[in-house]
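# Model the structure of this input:
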Amino acid sequence: MKILIVDDEQHVREAIKLLIDWEQLGIKEIYEADNGDTAIALLGEIQPEIVITDMRMPNRDGVELLAWMKEQGRKSKSIVISGYDDFHLVRSSMKYGGQDYLLKPIDPEQLMEALQKAKHSWEQEDQARRLDQQRSIEMNQIKPVYRDKLFSTMISEAGSGATVTVPAVLKEEFGLVGVELCQVIILSTGMLEPQISRKFSGNRDLLTFCLINVCNEILKQKNGGFAFRYWNSDHEIIILLWHRLAEWESLLALITEGIMNSIHGRFHYGVGQAQPFPSGLSLSYQAARTALKQRNLLEENSYIHKSEQGFKAGVYSLSIAAYEERFRLAVWSGKEKDIETAVESFLEAARLLPAITQEQIELWRFEYESMLSRWRQDLAAKQEVRASAEPSPGLPLLLLLDEQGRLSLELCRRELMNGLTAFAAMAGVGGNKEHSIMRDIAKYMEQHYNREVTLQDISERFYLSREYISRRFKQEMGENVFDYLGRIRVEKAKLLLQNPNLKIAQIAEMVGYDDDKYFSKVFKKFEGQSPNQYRKL
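Below is the predicted model:
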């Protein structure tokens, strides 16, 4: 705690310093000023908790000093000392926040009492300020979440047919009184470009936070609306417009440019139609959602999708269910060539479609999962391998995008081939060692050694239980799954170690290890020496 003593007489300042046991009071720093002007210069620099000031001084006196402190909002507690028992001075002291008015000569007990009182008062007020500051921080953290919830609830209420009431807090903050029309635009984070997924390492909360900030910065400049996280969907940011609806295209262009500059990626937008506010919120939202679901994934450079432009479900449909018998016969033949022919016949039909929508992809996923689930249930009673009656979770839709974020039928072909050949192996048909599913698993690890590969990943991709993979892989390949993967990674690392410009941590990451110490441990297990020792050979 610091104190500033202001008096034009040096002997008075010295006397005050000698009269008090400052250490007992917890005051460690004592500063002096001989007039109000000097005191003002020090106040800004040292920020003392307590100020003791004389009232009559040359230049700026004590009254003017106290008035300045009050005007500037200084939190310091002030004690006035004076040689004059003057009512005017006492009143001025109280008016400008003086805690006590002491007469010279100064009584030590009175001064100590005044200082204790000032200290106690300052500590109480400081604690209150800290609590207020903490509450303010907490409110600032809660406020965006609260706003998101209120706006999300309005959309839900509009969809349920209930009367929608605009909360007073939103009316006041966003000036929604008198608003008659609104328009919902959905920014979708469901299908991400691969570079965006890598950049944010799967942290969708951080991605959503960044996107909303960019949107609201532009919307605030244009006074056009507000962007928020929609509580009823994990992959949707709502851009709600209520002013300048006719300018939505230029607003989206600015938002797209802002996102590209800050995040370096592109996202898809579903644009709903203008509707009455707030009763039409849900109608506009549903139209925007439909526009996204019915967008043509074959149009690679199209990112803004209006509701009236969508392809209606069923117009250009292609069903996996219609090919189930071909797939089943190919699988039970046990021949990879037959499976490939069946898959290719499906893809040929897919390539002829003028449009492939997200609805179509979701239908394929559902049909594919249902087909394999039925097959597994039929097989479960006949095989040693434990087959689940529940459909496997399958691959996320993201994996149907290539490195440029485009829909890839080649990835679709690969998934179908992996799933069907894996099922053929599980069913025990074919028996050709050259095409053993364990060798396919080994090949998969050789192709993906530089990424995280878990037994669960392999289990889901090849539709086999983890226990079965562990047992059969060691039987056929002579070592367990992770030793095999580790050996591949070490061999790749040995090649990279020949480049002196690459650090060990970089090499570890390039062969699939996040922890370079663990990489060194694995390397030593296979090579009998550390990566650094190997590099020096």
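
# Relative to the whole chain's centre, how far out is stretch 322-341?
43 Å (Cα atoms, centre = their mean, to the nearest Å).

# Quick one: mean pLDDT over it.
In this model, stretch 322-341 has a mean pLDDT of 87.

# Tell me the buried residues in that stretch?
The neighbour-count check on stretch 322-341 (16 or more other Cβ atoms under 10 Å) flags 323-324, 326-328, 330-331, 334-336, 338-340 as buried. For the C-beta atoms, the positions are set from N, CA and C on the backbone; glycine is no exception.

# Closest to Val522 out of those residues?
Nearest to Val522 among these: Glu336, at 33.1 Å, using Cβ to Cβ.

# Out of the buried residues of stretch 322-341, which comes closest to Phe423?
Nearest to Phe423, judged by Cβ to Cβ, of the buried residues of stretch 322-341 is Val331 at 5.7 Å.

# who's in contact with the closest one?
Residues near Val331 by Cβ atoms under 8 Å, 6 or more residues apart in numbering: Ile339, Trp375, Leu420, Phe423, Ala424, Ala427, Val429.

# which residues does the closest residue to it other than its chain neighbours contact?
Nearest residue to Val331 in three dimensions, chain neighbours excluded: Ala424, at 4.8 Å (Cβ to Cβ, 6 or more residues apart in numbering). By Cβ under 8 Å, 6+ apart, Ala424 lies in contact with Val331, Trp332, Gly334, Ile339, Gly430, Ile437.

# ok, now with 10 Å
Neighbour list for Ala424: Ala330, Val331, Trp332, Ser333, Gly334, Lys335, Glu336, Asp338, Ile339, Gly430, His435, Ile437 [criterion: Cβ atoms under 10 Å, 6 or more residues apart in numbering].

# do you know how far it is from Phe519?
36 Å (Cβ to Cβ, to the nearest Å).

# again, but for Leu292
Taken as Cβ to Cβ, the span from Leu292 to Phe519 is 42 Å.

# same check, this time on Gly258
From Gly258 across to Phe519, the span is 39 Å (Cβ to Cβ).

# Which one of these two is surrounded by more residues?
Legend: neighbour count by other Cβ atoms under 10 Å for Gly258 and Phe519, higher for Phe519 (23 against 16).

# wait, the more buried one sits on Val490?
Yes: in this structure, Phe519 is within contact of Val490 by Cβ atoms under 10 Å, at 8.9 Å.

# anything in contact with each of the two?
Taking Cβ under 10 Å, 6+ apart as the contact rule, Phe519 and Val490 both touch Val511, Pro531.

# and the helix or strand containing Phe228, which strands flank it?
Assigned by DSSP states H and E, Phe228 falls within strand 225-229. Applying DSSP bridges to the sheet, strand 225-229 is found paired with strand 236-241 (antiparallel).

# roughly how far is the strand it pairs with from the heart of the chain?
17 Å.

# Following element in sequence after it, please.
Using DSSP H and E, the first helix or strand after strand 236-241 is helix 248-263.

# Mean confidence (pLDDT) on that following helix, please.
Taken as a whole, helix 248-263 has an average pLDDT of 93.

# How is this structure divided into domains?
Here the domain parsing of the chain from automatic domain parsing is 2-106, 160-303, 311-432, 436-537.

# Can you list the buried residues in the worst-scoring helix or strand of the chain on mean pLDDT?
Least confident helix or strand of the chain, by mean pLDDT, DSSP states H and E, is helix 87-95 with a mean of 74. Residues Leu89, Val90, Ser92, Ser93 are the ones in helix 87-95 that count as buried (16+ other Cβ under 10 Å).

# Contacts only, for the spatially most central residue of the chain.
Of all residues in the chain, the one closest to the mean position by Cα atoms, centre = their mean is Leu206, 1.6 Å from it. Leu206 makes contacts with Lys199, Phe200, as judged by Cβ under 10 Å, 6+ apart.

# Kindly provide the whole-number mean pLDDT of the host helix or strand of it.
Assignment of secondary structure by DSSP H and E places Leu206 within helix 204-222. Helix 204-222 carries an average pLDDT of 91.

# Same question for stretch 417-430.
The average pLDDT within stretch 417-430 is 79.

# Next up, phi/psi of Val80, please.
Reported as degrees, to the nearest 10, the phi and psi values for Val80 are phi -100, psi 130.

# Dihedrals phi and psi, Val51?
The phi/psi pair for Val51 (degrees, to the nearest 10) reads phi -120, psi 120.

# What is the neighbour count of it?
Neighbours around Val51, by other Cβ under 10 Å: 28.
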